[in-house]
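1. Requesting a structural model of the entry that follows:
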Amino acid sequence: RMEADCNPMEVPNKTVFEDDSDYRDFEGTDVKDMRLEAEAVVNDVLFAVNNMFVSKTLPCAEDVAYINVETRERNRYCLELTEAGLRVVAYGFDQTDDRLQTPYHETAYSLLDSLSPAYREVFGNALLQRLEALKKDSQS
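-> Next comes the predicted model:
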């Protein structure tokens, strides 16, 4: 007899997307998805920077969102989030500079690590505290 990880009664017969023609082909993502992705990025690393928020001025499109970040060193950047990753597009909030050719980073962690030594320190300390807590939990 095969064991199931979930109760078959809990699995819906059809997905929410079936009725929604916008979702039939997953070629392009919905505009809300990139904004949600940007919000998730912000929530992930906000603790280690002075300020970070999704731009309300620059347009979110199907494939792009913009995030403003101020590092602990008080440097301001506008970041572009696309399928390719994150990159700096301006040295100020709510701006883009087409002449700026900065590399893409797969994660907000690696981007901020390259921009902000203070971010690296705060993030490292948070990681150490988490490891210490895990160590205590496993000993008790």
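2. How much space separates the most centrally placed residue in the chain from residue 135?
-> Geometric centre of the chain, nearest residue: residue 41, 2.1 Å, by C-alpha atoms, centre = their mean. According to C-beta to C-beta, to the nearest Å, residue 41 stands 29 Å off from residue 135. The way it works is simple: take the backbone N, C-alpha and C, and place the C-beta from them, glycine included.
3. before we move on, the earlier item: the residue nearest to the centre of the chain: what's it in contact with?
-> Applying C-beta atoms under 8 Å, 6 or more residues apart in numbering, we find residue 41 in contact with 67, 81, 86, 108.
4. Which helix or which strand is home to it?
-> helix 31-45 (DSSP states H and E).
5. quick one: buried residues of that helix?
-> By neighbour count on 16 or more other C-beta atoms under 10 Å, the buried set for helix 31-45 is 34, 35, 37, 38, 41, 42, 45.
6. Please produce TSV containing those, extended by pLDDT and distance to residue 63.
-> Formatted as TSV, the buried residues of helix 31-45 follow (pLDDT from 0 to 100; distance: C-beta to C-beta, whole Å):
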residue	pLDDT	distance to residue 63
34	91	7
35	91	12
37	93	11
38	96	12
41	96	15
42	97	18
45	95	22
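7. Which parts of the chain are strands?
-> Using DSSP state E, the strands of the chain run over residues 51-54, 65-70, 76-82, 85-90.
8. Present the buried residues of helix 31-45 as CSV; the columns should include distance to residue 119.
-> Formatted as CSV, those follow (distance: C-beta to C-beta, whole Å):
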residue, distance to residue 119
34, 23
35, 23
37, 20
38, 18
41, 14
42, 14
45, 8
